[in-house]
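Novice: With the sequence up front, the predicted model follows.
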Amino acid sequence: MNAFQAIKADIILPSEVLKDHVLEIEDGHISRLSSIEPDGSGDPLLSFDDCYICPGFIDVHVHGGMGADFMDGTEQAVRIANLAHLKHGTTSIFPTTTTGTFDELDAMVKACENVQKGWTVRDGARIAGVHFYGPYFAEDKVGIHDPSGRRDPDREEYEYFLTRDIVKIATCAAELRGASEFYKYARQHTDLLTCGHSNSSWAEMSRAYLNGVRHVDHFWCAMSSVSSLRKRLGDPMQASMEQFVLANPGMSTEVIADGIHLSDDLLRFAFHLIGPTRTCLVTDANRAMDAPPGRHRFGPSGSGTEVISDGKSVRGLDGDLASSMHGMDHMVRTMAAAVGSDLPSVIRMATLTPAERAGINDRVGSIEVGKLADLVVLERDLRVKAVLVGGELAYARSCDVHA
């Protein structure tokens, strides 16, 4: 891996683009932004003509890639998936659990701990934490996850996992028996508390909010709606998670902008009505990303749900849509095409917004002096040209290096 002390391109900040600027790096951190190239230092300058530099992408909801699922529970699977996502611009990753047994969850967390402990750039995206996502889902909102691994919160189990330093995000459906106790405990040990795979009402979300929940997972996917609540609770019709998030500025959410899960109209709705400071882009990618089309397992390789990839989407054997099979660069391109303008805000949804929600914005998420030099070089069509992690060139499709 090569380390560079200066990079030149158009630099994307949270609210503007600095044209033809130089970003200087010292000890793996951003040390200076300038419109003037370094003079006479002899430090190598990585120059990208007609390209953008943006912060490294941050994925708070991701299951795997390149044939590996984090729930495989091995260090090899973690590294394979992290390297796959690095090539799509993700530099900070939160490996995400599915439903499963205690032993499967434990193996996944331990594998992530071991990779994080000995991490180098050669291991791919940096593990910023684990997202303890499954298994506490509502029975009627399990989605593609294996229903046999779903359960209500088990205090002995979640105390074991939530006290692990690596677990930074925790999810539970708000209507489950024991959800309030889960939230009260989790808020003491994690940085982001979320409600997902849930058919909860406004009243249940209000209780969850009082107990620390500030985020709901993949908006419009495996979440309550007015019609789904009518089936569950009868008349009068009840407000859902959608209405609660829209009305409550303290809540954030995420969208899967793969062009398969949500139409451009819904992406524009999220961008304009919820906003880029409250909406994260996530991949929700599974092992089918960058893997050949065919049959795969969502979740653990030995017990996960069987799914089929056609090379563009992943579906269960019944034809229902499963999670995504695209990287974060694809999400950025799709969202940018849908909204048609304001590139800094779109990039924010993949960088600073998730960093703020996950509590890591003091070191990553934006191009600021003092933050880690985790950077993505994008061509004008927003395809990844190069990725730097801590100032090291970790991936390059093609580039010219000028000393």
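Specialist: Arrived safely. Numbers count the residues shown, from 1 in each chain.
Novice: Was I right to think Phe70 contacts Gly100?
Specialist: No. Taking contacts as Cβ atoms under 8 Å, Phe70 lies outside contact range of Gly100: 10.8 Å. Placement of C-beta: from N, CA and C, glycine included.
Novice: overlap in contacts of the two?
Specialist: Listed as contacting both Phe70 and Gly100 by Cβ atoms under 8 Å, 6 or more residues apart in numbering are Met108.
Novice: These two: who's more crowded?
Specialist: A count of neighbours by other Cβ atoms under 10 Å puts Phe70 above the other of Phe70 and Gly100, at 33 against 24.
Novice: what's the burial count for the residue nearest to that one when sequence neighbours are not counted?
Specialist: Nearest in space to Phe70, with sequence neighbours left out and distances taken as Cβ to Cβ, 6 or more residues apart in numbering, is Pro95 at 4.0 Å. Using other Cβ under 10 Å, Pro95 has 31 neighbouring residues.
Novice: Just checking: what are the partner strands of the strand or helix carrying Pro95?
Specialist: Per DSSP states H and E: Pro95 is located in strand 90-95. With DSSP bridges as the test, strand 90-95 is paired with strand 57-62 (parallel), strand 126-127 (parallel).
Novice: can you pull out the strands in the stretch 51-200 of the chain?
Specialist: 57-62, 64-65, 68-69, 90-95, 126-127, 130-132, 167-171, 192-195 (DSSP state E, counting those that start in this stretch).
Novice: can you list the residues that contact the strand holding Pro95?
Specialist: Contacts of strand 90-95 (Cβ under 8 Å, 6+ apart): 56-63, 70, 78, 81-82, 85, 108, 112, 124-131, 168-169, 283, 327-328, 355, 358, 360, 364, 374-376, 387, 389, 394.
Novice: do the same with stretch 293-304
Specialist: Here stretch 293-304 makes contact (Cβ under 8 Å, 6+ apart) with 63, 67, 69, 71-73, 98-101, 104, 144-146, 149, 286-288, 305-311, 314, 322-323.
Novice: List the residue ranges of the stretch 301-403 of the chain that fall below the pLDDT cut-off.
Specialist: 398-403 (pLDDT under 70).
Novice: Of all the strands paired with strand 90-95, which one is nearest Val216?
Specialist: strand 57-62 (11.2 Å; Cβ to Cβ).
Novice: so how far is the closest one off the chain centroid?
Specialist: A distance of 2 Å separates the centroid of the chain from that of strand 57-62, by Cα atoms, centre = their mean, to the nearest Å.
Novice: now stretch 314-334
Specialist: 13 Å.
Novice: Tell me the span between the first and last residue of that stretch.
Specialist: Taking Cα to Cα, to the nearest Å, the first and last residues of stretch 314-334 lie 18 Å apart.
Novice: Buried residues, it. List them.
Specialist: 314, 321-334 (16 or more other Cβ atoms under 10 Å).
Novice: can you tell me which of these are in helices?
Specialist: Met328, Asp329, His330, Met331, Val332, Arg333, Thr334 (DSSP state H).
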